[in-house]
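Asker: All I have is the shape, not the residue letters:
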Ligand SMILES: Cc1ncc(COP(=O)(O)O)c(C=O)c1O
């Protein structure tokens with residue numbers, strides 16, 4: 001493959017280890033297809049060991065995990081929850097579905113995560129929780145946010161949808177707050193098509209989370225023989241993960257270290273290949289702060305402005321490379337204006353959202369293809385322009 005005539009390089013291609021079929025067959029043979037079968041239990045246990053969570057509840061998506069978290073936090077109409085606007089819509093929807101209000105705060109220009117320096121001034125009498133999002137599997141400033149949450153008696157609930165296998169100061173993302181949401185969607189590093197987990201880091205919350213996940217019933221007590229009487233206890237919904245998905249996921253979790261290493265090689269190859277372009281002010285590469293062990297979930301670049309971004313995406317598409325922009329900020333979306341409110345100007349969010357391009361990164365891609373993409377980026381941005389500084393402004 002040459003940079004002049006590359007084959008098509010899609011943005012993402014889900015990977016299968018080869019064991020998924022066998023495990024799904026085993027799940028069928030075990031005749032337990034709903035939640036909490038043997039594969040689901042293995043996945044939970046694996047996640048608990050890796051993250052240190054008191055419980056890892058398997059659910060059908062990170063969206064479900066976030067909704068479940070907001071039930072556990074007992075959010076009520078009138079409550080407010082601080083979060084970035086630069087995030088996936090599920091972070092906000094989970095809050096809005098409880099009748100509560102997302103309060104959008106700007107992100108840091110370096111990591112693109114919630115700017116902890118702006119959070120305390122956004123805390124008011126109605127604030128109940130802070131929801132940091134670990135963008136691109138790069139740990140947000142959870143230590144500082146934990147302190148703020150502690151000072152004001154708030155929940156910290158991590159949206160670690162992109163953060164499986166990533167760490168901050170040696171600790172798994174999703175394990176810092178009372179609750180953390182992980183995603184196993186097709187686009188994530190470890191997948192089962194649609195799937196997620198709620199990390200429950202406070203032992204006292206495990207039962208309420210299990211009950212809320214199981215339609216508000218005592219199903220887990222029934223399954224474990226604690227009771228013979230199945231009954232409705234509290235609010236809940238149907239958030240469990242099918243055993244068929246858990247069987248698929250187990251094949252991936254068994255290989256999660258290898259999958260992360262393979263992604264990391266591609267991420268590092270991009271980072272190396274694009275260094276000179278950053279030095280020439282043509283783009284800005286991701287910033288990884290000390291203590292952050294990211295998971296190579298995503299490789300993005302920030303270019304000069306929206307016009308350059310669109311030009312880059314078009315130029316790459318003409319060469320068969322599928323690159324994509326990312327979040328449309330929530331604070332000025334129709335839903336955000338209707339259900340949420342902004343704290344401050346959110347100028348970094350608006351600026352970054354117009355300049356960010358995500359490059360293909362999936363297992364099965366090789367380093368030659370990374371070089372092809374990097375060359376295509378280089379030729380598309382070849383005209384020297386003003387520096388794209390580390391502050392992203
Ligand atoms: C930050 C963030 N939160 C939540 C989600 C929702 O994840 P899921 O598709 O598993 O519901 C995503 C999905 O991309 C995400 O990026």
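Answerer: It's in. Being a predicted model, the structure only gives us computed values, none of them experimental. Numbers count the residues shown, from 1 in each chain.
Asker: Run a quick neighbour tally on the residue of the stretch 201-350 of the chain found nearest the ligand.
Answerer: Of all residues in the stretch 201-350 of the chain, residue 327 sits closest to the ligand, at 8.2 Å by Cβ to the nearest ligand atom. Heads up, the C-betas are built off the backbone N, CA and C, glycines and all. Using other Cβ atoms under 10 Å, residue 327 has 19 neighbouring residues.
Asker: Ok, residue 290 next?
Answerer: 5.
Asker: Need the residues that contact the worst-scoring helix or strand of the chain on mean pLDDT.
Answerer: Across the helices and strands of the chain, mean pLDDT, DSSP states H and E gives its lowest value to helix 219-223, namely a mean of 93. Applying Cβ atoms under 8 Å, 6 or more residues apart in numbering, the contact partners of helix 219-223 are 36, 207, 210, 211, 214, 227, 228, 229, 230.
Asker: From those residues, keep the buried residues only.
Answerer: 36, 210, 211, 214 (16 or more other Cβ atoms under 10 Å).
Asker: so who does residue 373 touch?
Answerer: Residue 373 touches 9, 270, 316, 321, 323, 359, 360, counting by Cβ under 8 Å, 6+ apart.
Asker: before we move on, back to that, what sits against the residue of the stretch 201-350 of the chain closest to the ligand?
Answerer: Here residue 327 is in contact with 86, 87, 88, 353 (criterion: Cβ under 8 Å, 6+ apart).
Asker: just the residues you listed now: which is nearest residue 260?
Answerer: Distance to residue 260 across the contacts of residue 327 (Cβ to Cβ) is lowest for residue 88, with 21.4 Å.
Asker: Skipping adjacent residues, who's closest to the residue sitting furthest away from the middle of the chain in space?
Answerer: Most distant from the centre of the chain: residue 228, at 38.7 Å, with distances by Cα atoms, centre = their mean. Excluding the flanking residues, the one nearest residue 228 by Cβ to Cβ, 6 or more residues apart in numbering is residue 222, at 7.4 Å.
Asker: Would you mind giving the domain segments of this protein?
Answerer: As assigned by automatic domain parsing, the chain contains the domains 20-254, 256-380.
Asker: how long is the shortest one end to end?
Answerer: Terminal residues of domain 256-380 lie 35 Å apart, using Cα to Cα, to the nearest Å.
Asker: can you check stretch 310-324 too?
Answerer: 9 Å.
Asker: Repeat that for stretch 310-327.
Answerer: 14 Å.
Asker: and what of stretch 107-114?
Answerer: 4 Å.
Asker: what's the spacing between it and its chain's center?
Answerer: Remark: stretch 107-114 is offset 15 Å from the chain centroid, using Cα atoms, centre = their mean, to the nearest Å.
Asker: do the same with stretch 326-340
Answerer: Using Cα atoms, centre = their mean, the offset of stretch 326-340 from its chain centre is 18 Å.
Asker: in that stretch, what counts as buried?
Answerer: Residues 326, 327, 329, 330, 331, 332, 333, 336, 339, 340 are the ones in stretch 326-340 that count as buried (16+ other Cβ under 10 Å).
Asker: could the residues you listed be laid out in TSV, adding secondary structure?
Answerer: What follows is the buried residues of stretch 326-340, written out as TSV (DSSP: H, G, I helix; E, B strand; the rest coil):
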residue	secondary structure
326	coil
327	coil
329	coil
330	coil
331	coil
332	coil
333	coil
336	helix
339	helix
340	coil
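Asker: Need the max-distance pair from those.
Answerer: Maximum distance among the buried residues of stretch 326-340 (Cβ to Cβ): 21.1 Å, for 326 and 339.
Asker: Residue 245: which element?
Answerer: Assigned by DSSP states H and E, residue 245 belongs to helix 243-254.
Asker: and that helix, anywhere near the ligand?
Answerer: No: Helix 243-254 lies out of reach of the ligand by Cβ under 6 Å from any ligand atom, never closer than 11.4 Å.
Asker: Kindly report the same for stretch 61-74.
Answerer: Yes: applying Cβ under 6 Å from any ligand atom, one finds stretch 61-74 in contact with the ligand at 61, 62, 63.
Asker: Just among those, which is most surrounded?
Answerer: residue 62 (31 neighbours).
Asker: and that one, what pLDDT?
Answerer: pLDDT for residue 62: 98.
Asker: near the ligand, which residues of the stretch 51-200 of the chain?
Answerer: So the stretch 51-200 of the chain meets the ligand at 61-63, 87-88, 90-91, 133, 159, 161-162, 183, 185, 196 (Cβ under 6 Å from any ligand atom).
Asker: Show me these that map onto helices.
Answerer: 62, 63, 90, 91 (DSSP state H).
Asker: Would you mind confirming that the third one makes contact with residue 69?
Answerer: No: at 11.0 Å, residue 90 does not count as touching residue 69 under the criterion of Cβ atoms under 8 Å.
Asker: Settle it for me: which of the two has more neighbours?
Answerer: residue 69 (29 against 20).
Asker: how far away is the more buried one from the ligand?
Answerer: 11 Å (Cβ to the nearest ligand atom, to the nearest Å).
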